[in-house]
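Asker: Provided below for reference: sequence and predicted model.
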Amino acid sequence: MTHKFKCEAVREDRFIVELDEQYFDEAWFEHFREHFYNHSDLAEIAEFIASVITRLGTDTYIDGIGVPLLNGETPYGADSRTINAHVNIVATQEIGDQECGVLVWEVSQ
């Protein structure tokens, strides 16, 4: 007999996304919207970066952005040619390394 369980994991990551506003000017946003996503301000870019970092890790290449610095340094294992020094993730703990709550309930037998 097969048992199926629905699982919900909740994790909380806390970090700061620093963006150089001189780099992210209107020309940059026009190019980004034309080739990638329809984001139009720094808050939307910060949310986009945060969602990618949370899902894929701090050494991840982000479309249209590159690899952000981590606490002002190149993330371990990242290709230095893809680093975007105009983006910095300030983390006081390892992102994705937190305890998480998991809820599990049986949905069928």
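Answerer: Alright, I've got the coordinates. Numbers count the residues shown, from 1 in each chain.

Asker: Please identify the helix or strand for residue 85.
Answerer: Secondary structure here is read from DSSP states H and E; on that basis residue 85 sits in strand 83-91.

Asker: likewise residue 31?
Answerer: Taking DSSP H and E as the definition, one finds residue 31 inside helix 26-35.

Asker: So which residues make contact with the helix or strand following that helix?
Answerer: For helix 26-35, the following helix or strand on the C-terminal side (DSSP H and E) is helix 42-56. Contacting residues not belonging to helix 42-56 are listed as 13, 15, 17, 19, 21, 24, 32, 37, 39, 60, 62, 65, 68, 87, 89, 95-96 [Cβ atoms under 8 Å, 6 or more residues apart in numbering]. All C-beta spots, glycine's among them, are computed from the backbone N, C-alpha and C.

Asker: Ok, stretch 72-83 next?
Answerer: Residues external to stretch 72-83 that are found in contact with it (Cβ under 8 Å, 6+ apart): 58-59, 61, 66-69, 88.

Asker: Please verify my assumption that residue 35 contacts residue 64.
Answerer: Yes: Residue 35 is within contact range of residue 64, at 6.6 Å (criterion: Cβ atoms under 8 Å).

Asker: The two: who's more crowded?
Answerer: Neighbour count, other Cβ atoms under 10 Å: between residue 35 and residue 64, residue 64 has more, with 15 against 9.

Asker: Skipping its backbone neighbours, what lies nearest the more buried one in space?
Answerer: Nearest in space to residue 64, with sequence neighbours left out and distances taken as Cβ to Cβ, 6 or more residues apart in numbering, is residue 36 at 3.9 Å.

Asker: and the one you found, how many neighbours?
Answerer: When counting by other Cβ under 10 Å, one arrives at 13 neighbours for residue 36.
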